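Chemist: Need coordinates for the following:
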Amino acid sequence: TVSVNEGNSVWSFRSISLDKRLSGRITHKEWLERYQDGLIPAIGPKDIIDAKITFDIYTPPKGKGQPQIRNLKVINISNIQRNNGLQYELDT
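Modeler: Purely as a prediction, here's the structure:
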């Protein structure tokens, strides 16, 4: 049996500013330990994290593809913006 929130595996993100899907590791150890211990509620698919990240940009030779973001690391998470709206809510 393996706990879902354990380990340092790769996370998947969608960058709002770049409109791209990105993968990377969370290296903010204190935040990650609190999240894995259940002290921070689970992050949902519509939640947004405010984070400081680092990454490398690989630029292939001309005509050999598009630039790529590699080695993405989330080094600090400062806030989680929760999307608490329910799909069945109606304005009255």
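Chemist: make it CA atoms for all contacts and neighbour counts henceforth
Modeler: Will do.
Chemist: beta partners for Arg70?
Modeler: On the basis of DSSP bridges, Arg70 is bridged to Asp56.
Chemist: distance of Ile75 from Asn83?
Modeler: 23 Å (C-alpha to C-alpha, to the nearest Å).
Chemist: So those two - more neighbours on which side?
Modeler: Under the neighbour definition other C-alpha atoms under 10 Å, Ile75 and Asn83 were set side by side, and Ile75 has more, 16 against 12.
Chemist: my read: Pro60 touches Pro67, true?
Modeler: Yes: look at Pro60 against Pro67 with C-alpha atoms under 8 Å: they come within range, at 6.3 Å.
Chemist: residue contacts, the residue most central in space within the chain?
Modeler: Closest to where the C-alpha atoms of the chain average out (C-alpha atoms, centre = their mean) is Phe13, at 4.0 Å. Applying C-alpha atoms under 8 Å, 6 or more residues apart in numbering, one finds that Phe13 lies in contact with 21-24.
Chemist: Likewise for Leu32?
Modeler: Ile26.
Chemist: where does this structure have low pLDDT?
Modeler: Across the chain, the ranges flagged by pLDDT under 70 are 1-8, 85-92.
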